[in-house]
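Colleague: only geometry, no sequence info:
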């Protein structure tokens, strides 16, 4: 079999970057002042450059920012009684290339993993690798270790799960979704992560903005997207079991063990979410589409 390597700019001709507009708006109705934590600002590491960030609210609210143990950029505020809206918008510049691929990237023995990677081999709130361990070894144990095995896990999850909004809840685990055969993008990621961890392959949950760049347009409403990163060799690699194809324009917002670590909004009370709008699109007014 011919190996497939794609190391980004090392393997592709230089192209002008893609200019994106990303953002979101949450409108809540609260009975009493309610503390809340928002995770909507992109990660500042890696190849994506973020500028012109604005986190605003109506009414104007005091905001405190902090960074958690995974490096995620949170914003803390108190939603007032009544109606309030929190808006975020920014420009993001991303390379004009899909994520890197290397079919020969090897798995790393658990005893050789970096200390800070070990936690991503363990079961977590939604990723029940211990519950799904027998199935993982039965389905994928005979597949050659490394990048190809993770790709086979993604293919299986992509083909075995149907996608449907509202088909899972905030309590649905990877085991629940595996049994039901349907879920949303975060469920695809949770299931693939669980299978990887059951095989002692470190995997972590990622979510962010994913615009339709150089892919067919869909009529589905824009939402945050979820995928995963897997540790192979000496680095993290991006895999997307929901779309199961390389994509351009990923803008990472949060990383963690699963969605419990990187909820878009955490409220310490019971406000009603009146509406949520997400947007992520190429800014053609600034940059033409390069072929």
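Modeller: Structure's in. What do you need? All figures in this text were calculated on a predicted structure; none of them were measured in a lab.

Colleague: give me the phi and psi for the nearest residue to residue 136 once chain neighbours are set aside.
Modeller: In this structure, residue 136 finds its nearest non-sequential neighbour in residue 198, 3.6 Å apart by C-beta to C-beta, 6 or more residues apart in numbering. Quick note: C-beta positions are derived from backbone N, CA and C, even for glycine. Dihedral angles of residue 198 (phi, psi; degrees, to the nearest 10) stand at phi -60, psi -30.

Colleague: now do the helices in the protein.
Modeller: Taking DSSP state H as the criterion, the chain contains helices spanning 133-140, 147-160, 174-180, 185-198.

Colleague: so which of the ones you listed is the most surrounded?
Modeller: helix 185-198 (a mean of 28; mean count of other C-beta atoms under 10 Å).

Colleague: domain assignment for the chain?
Modeller: Residue ranges for the domains of the chain, per automatic domain parsing: 18-95+265-282, 101-256.

Colleague: tabulate those domains (a markdown table), appending mean pLDDT.
Modeller: Shown next, in a markdown table, are the domains of the chain (pLDDT from 0 to 100):
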| stretch | mean pLDDT |
| --- | --- |
| domain 18-95+265-282 | 96 |
| domain 101-256 | 96 |
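
Colleague: what's the closest of the helices of the chain to residue 30?
Modeller: Relative to residue 30, the nearest member of these by C-beta to C-beta is helix 185-198, separated by 25.3 Å.

Colleague: what is the closest one packed up against?
Modeller: Counting contacts by 3 or more C-beta pairs under 8 Å, 6 or more residues apart in numbering; DSSP states H and E, helix 185-198 is packed against helix 133-140, helix 147-160, helix 174-180, strand 203-209, strand 225-232.

Colleague: how far away from the center of its chain is that helix?
Modeller: 12 Å (C-alpha atoms, centre = their mean, to the nearest Å).

Colleague: cool, stretch 69-81 as well?
Modeller: Centre-to-centre, stretch 69-81 and its host chain are 18 Å apart (C-alpha atoms, centre = their mean).

Colleague: can you list the buried residues in that stretch?
Modeller: Across stretch 69-81, burial judged by 16 or more other C-beta atoms under 10 Å covers 70, 72-75, 77, 79.

Colleague: tell me how far the ends of that stretch are from each other?
Modeller: Using C-alpha to C-alpha, to the nearest Å, the end-to-end distance of stretch 69-81 comes out at 31 Å.

Colleague: show residues contacting it.
Modeller: Stretch 69-81 is contacted by residues 28, 30-45, 55, 57, 59, 61-68, 86, 253-256, 261-262, 267, 271 when judged by C-beta atoms under 8 Å, 6 or more residues apart in numbering.
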